[in-house]
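*Asks:* mind folding the following:
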Amino acid sequence: MSDQVLEVRPALRAVRDQLLARPNVVATGVGYKISDGVRTGEIGIVCSVTHKVPVSELRAHELVPESVDGIPTDVIATGAFKTLAERTERYRPAPGGASIGHRDISAGTLGCIVYRNGEPYILSNNHVLANENRAALGDPIVQPGPYDGGRLPDDAIAVLADFITVRMAEEESGCIFARGSAAALNWLASLVGSQARLRAVSTAQTDNLVDCALAKPLDPSYITGDILDLGTIKGVGRAELGAAVVKSGRTTGLTRGEITQVDVTADVAFGSTVARFTDQLMAGPMSQGGDSGSVVLDDQNAIVGLLFAGSESTTLFNRIENVFAALKVDLQ
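*Replies:* From the prediction side, this is the model:
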């Protein structure tokens with residue numbers, strides 16, 4: 001990793017929350033500064049915004065500073081980030097890059113085969129295999145995904161085996177006292193004719209590193225370690241700024257790009273709620289809805305990431321080392 005990236009990291013971490021609090025800012029990361037649409041050799045703090053607003057229409061506290069501790073900043077319009085849940089045939093054995101999904105979602109992408117204690121599992125996203133935390137272990141997984149015609153029982157390929165919970169910015173509070181207080185206040189409000197209602201919520205205490213889940217195949221013969229158009233994964237790599245990457249997904253098939261930002265912190269929409277993800281990787285427009293769950297490989301076919309979200313012009317993926325550590329899996 002370049003010395004420049006190492007120099008920028010502390011400054012970014014010190015100001016990321018303040019930057020993300022500004023209107024329209026949806027992600028921050030370390031990346032190359034862009035000038036007139038061309039990448040320069042200068043590395044700085046990059047802020048992604050839903051859309052650019054003329055400086056004259058912004059208040060002083062809403063502006064992204066031109067520099068932070070002498071480190072230049074850049075603002076790029078990416079649009080809002082959202083999870084990407086849209087090759088749709090039935091496969092047996094099923095390869096990476098094919099349509100898959102929990103019985104109650106539309107469709108996502110089968111990432112690859114990983115191993116835990118010598119047993120094979122299907123790797124994809126939580127929101128593909130575990131329906132955004134709503135699923136129960138043992139729930140059926142179909143291939144292709146339901147949107148692509150997958151139906152039970154004929155298309156069942158696996159059952160949900162494990163997932164890492166995605167912490168949302170706002171969740172229903174599990175505290176009995178908070179929920180009781182909210183109920184009491186709502187009752188009083190109803191007596192005086194008020195239509196306002198309170199909801200007991202808790203704010204996520206930690207940021208998210210991963211959106212990932214595992215499914216246990218009903219029969220090992222139902223799956224293969226190959227990935228459509230890419231073949232076999234050649235070990236685990238480490239993603240670096242500017243590195244070439246490739247993915248094979250359900251919707252857009254084989255797409256290539258490069259890592260444009262590292263150390264990304266992004267607010268990602270999950271339906272009507274938002275989850276903050278840290279230590280993410282960003283690339284250009286490599287994906288569309290339904291590509292969620294695709295694995296991202298480098299130019300040596302080593303796995304470096306797990307794709308989970310994107311906008312009109314960018315793609316977000318988890319560092320694969322964070323995914324493997326969270327799920328306690330490896331490639332063999």
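
*Asks:* what are the ranges of the helices in the stretch 101-250 of the chain?
*Replies:* Listed in chain order, the helices of the stretch 101-250 of the chain (DSSP state H, counting those that start in this stretch) span 126-129, 176-191.

*Asks:* least reliable of the ones you listed going by mean pLDDT?
*Replies:* Lowest mean pLDDT within the helices of the stretch 101-250 of the chain: helix 176-191, at a mean of 50.

*Asks:* how far out from the middle of the chain is the helix or strand hosting residue 309?
*Replies:* Using DSSP states H and E, the element containing residue 309 is strand 303-310. The chain centre lies 7 Å from the centre of strand 303-310; the measure is CA atoms, centre = their mean, to the nearest Å.

*Asks:* note down every partner strand of the helix or strand just after it and its orientation.
*Replies:* Downstream of strand 303-310, the next assigned helix or strand under DSSP H and E is strand 315-319. When pairing is defined by DSSP bridges, strand 315-319 lines up against strand 273-283 (antiparallel), strand 303-310 (antiparallel).

*Asks:* A strand includes residue 12, no?
*Replies:* No. Secondary structure of residue 12 (DSSP: H, G, I helix; E, B strand; the rest coil): helix, not part of a strand.

*Asks:* could you confirm residue 90 falls within a helix?
*Replies:* No. Counting by three-state DSSP, residue 90 is located in no helix; its state is coil.

*Asks:* distance of it relative to residue 102?
*Replies:* 17 Å (CB to CB, to the nearest Å). For glycine as for every other residue, the C-beta is placed from the backbone atoms N, C-alpha and C.

*Asks:* neighbour count: the two, which is higher?
*Replies:* Neighbour totals were compared for residue 90 and residue 102, and residue 102 leads with 28 against 16 (other CB atoms under 10 Å).

*Asks:* in the chain, which segments are predicted with low confidence?
*Replies:* 1, 84-86, 170-205 (pLDDT under 70).

*Asks:* which strand in it runs the most residues?
*Replies:* Longest strand in the chain, counting residues (DSSP state E): strand 253-270.

*Asks:* between that one and strand 315-319, how many degrees?
*Replies:* Between strand 253-270 and strand 315-319, the angle comes out at 80 degrees (axes from the mean of the first three to the mean of the last three CA atoms, to 10 degrees).

*Asks:* only alpha carbons, please: show strand 253-270 as PDB.
*Replies:* This file holds the C-alpha atoms of strand 253-270, laid out as PDB (Å, rounded to 0.1, in the frame of the first residue of the first chain):
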ATOM      1  CA  GLY A 253     -22.600 -10.800 -16.200                       C
ATOM      2  CA  LEU A 254     -18.900 -10.300 -16.500                       C
ATOM      3  CA  THR A 255     -17.800  -6.700 -15.800                       C
ATOM      4  CA  ARG A 256     -14.400  -5.200 -15.100                       C
ATOM      5  CA  GLY A 257     -13.200  -2.100 -13.300                       C
ATOM      6  CA  GLU A 258     -10.700  -0.800 -10.900                       C
ATOM      7  CA  ILE A 259     -10.700   0.100  -7.200                       C
ATOM      8  CA  THR A 260     -11.200   3.800  -7.000                       C
ATOM      9  CA  GLN A 261     -11.400   4.200  -3.200                       C
ATOM     10  CA  VAL A 262     -10.400   2.300  -0.100                       C
ATOM     11  CA  ASP A 263     -11.300   2.800   3.500                       C
ATOM     12  CA  VAL A 264     -14.800   3.800   2.400                       C
ATOM     13  CA  THR A 265     -17.500   4.500   5.000                       C
ATOM     14  CA  ALA A 266     -20.900   4.500   3.300                       C
ATOM     15  CA  ASP A 267     -24.500   4.800   4.300                       C
ATOM     16  CA  VAL A 268     -26.500   2.200   2.400                       C
ATOM     17  CA  ALA A 269     -30.300   2.000   2.100                       C
ATOM     18  CA  PHE A 270     -32.000  -1.200   3.000                       C
END
